[in-house]
Structures are given as C-alpha cells and as structure tokens.
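>>> Sequence plus the predicted model coming up.
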Amino acid sequence: MKISIAQGHNPPHNINGITVIIDVIRAFTTSHEAFLGGASHIYPVSSADDAFRLREDYREGLLVGEVQALPIDGFDHGNSPWEIRHTDVRGRYLIMRTTNGVAATLRARDSRQVLVGALINAEATANYIREQNPDTVVLVASHPTGDEDVACAEYIRGLLGGEGISLEQARERTRNAFAAKKFLDGSHPRLRPQDIDMAASSAGPDALIMGVTYEPVPRIDVIRRAS
Ligand SMILES: O=C(O)[C@H](CS(=O)(=O)O)OP(=O)(O)O
Ligand SMILES: [Mg+2]
C-alpha cells in the first residue's frame, strides 16, 4: 500500500485508490457528530448561495456551515460539532458549506473511493482502509496551511504501517493549531472552546466511517457503523 499525504483543496488523482479528505477543525468532526445524532446524510455544497438553491429542491435540509468560521445568515447552524450535539437531527439531512473540508471533498472525484474523516474517526477509518487494502491511499489535509489536518494524516499513516505520530501528539497539535486559537480566546460567542475539545477527541475503533458519492449530487453517508 503506497500512502501519500497531500494538503489543500485540490486532491491529486488517485484513480485506483482510496482518498481520505481530512478536516479536524471542524467540518468532519461536525459531520460525525451529526451522524451520531441520527442525521441521515449530508449534501456538501461550495457556497451559501448553492446551499439556499439546493434547499429549494431538498426542502427538509438543515443548513449548516460557516464563512471565515462564523455562522452564515439564514443558516440553521454554524459548522459546530457542539451545536449539532445540542440539536435534534434525527432523520434529518444536512446541506453543508465549509471553507476547507467541504471544498476539498467537492474536488476529489478522481478516486476509486472517497472517504471523509477527522481525528474522531481516524482509527476506525484506518481500520477500514486496511481491510480494503487498496494499492494507493491519499490522505488530504484539507486546511491549506494549518497543522491539525496534517497531524491527523500522519496519525492515520502510522496506523496504516507508515511513518506516524501518536494519538496524543495529534490531539496536542490540534489544540495548538492556529485555526484553534479563535475558539479558545473567547473572541466570538459562537466560536466555542468545546468545538476544539470535540475536534481533539477520538471515538476509537467504533467510530463511524463516512464516504462520499458524487451522482446525482455530491453526498456524504455513513458507510459503516462499527469496525
Ligand atoms: O469553520 C471551520 O472550522 C473552518 C474554517 S477555519 O479553519 O476555522 O477558519 O472550516 P473547515 O472547512 O471546517 O476547515
Ligand atoms: Mg478545517
């Protein structure tokens, strides 16, 4: 298995392999929390306007997301795992716009399979990849310059048998990442330190595996509930 780490919003081609789009702060921590709470699926979209347009067809959708980390006017929730934990999402689907994780996911089609993940489901995702045993694995740290997604990618690479770091190191790098700072310094009431606590958590081998399909519209589903 050849494992590589890429960074940013343009995942490389990986026609015969598995690509994992990683977003620890916060898109896929929020997504995992939504699925834990009973959400059925998620439609990732690239802009607030696309989200409003999609809701004209998918009228039951909960609009979730951010621009510059802040909640979007007219949306139901921010890109916040803590907010989603405190919302009844049972049987609901989300329409989600985020700056990094969702943007990279929408550009990752040239892959046999696309997964999305964060530290919360890193171990379970690595176990799933080991079972599938693809020729190539591309781990995409979606924040173009931040450290939290790279740390998660290095943790997963280690679990897959490559050079890696410990879970504790990945958690520490998440807490110290510059993207985390605005949640920890009290700068805005909707940017909560609890989001970083949740982003730096791991649900171990029983976390949910999240996969992406692209037709007829991009969509994220749970593809496996336990390892
Ligand atoms: O809302 C978020 O947490 C981020 C934006 S930032 O990195 O915190 O500025 O969006 P995401 O797509 O979840 O990385
Ligand atoms: Mg991020």
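Perfect, thanks for sending it. Ligands and ions are numbered 1, 2, ... in the order given.
>>> so which strand or helix has the most centrally placed residue in the chain?
Centroid-nearest residue in the chain: Phe28, 2.2 Å away (criterion: C-alpha atoms, centre = their mean). Using DSSP states H and E, Phe28 maps to helix 27-36.
>>> And that helix, what does it pack against?
helix 81-85, strand 93-97, helix 101-106, strand 111-117, helix 193-199, strand 209-213 (3 or more C-beta pairs under 8 Å, 6 or more residues apart in numbering; DSSP states H and E). For the C-beta atoms, the positions are set from N, CA and C on the backbone; glycine is no exception.
>>> my guess is the residue nearest to the centre of the chain meets Val116, correct?
Yes: the criterion here is C-beta atoms under 8 Å, and Phe28 meets it with Val116 at 4.9 Å.
>>> can you list residues touching both of those two?
Shared contacts of Phe28 and Val116 (C-beta atoms under 8 Å, 6 or more residues apart in numbering): Ile21, Ile22, Gly101, Met210.
>>> Could you single out the nearest of these to Leu70?
Looking at these and their distance to Leu70, the nearest is Gly101, at 16.1 Å (C-beta to C-beta).
>>> residues in this protein within reach of ligand 1, list them.
Neighbours of ligand 1 within the chain, by C-beta under 6 Å from any ligand atom: 23, 25-27, 66, 69, 79, 98-102, 143, 179.
>>> again, 8 Å this time
23, 25-28, 30, 65-66, 68-69, 78-80, 98-103, 142-143, 146, 149, 179, 182-183, 195 (C-beta under 8 Å from any ligand atom).
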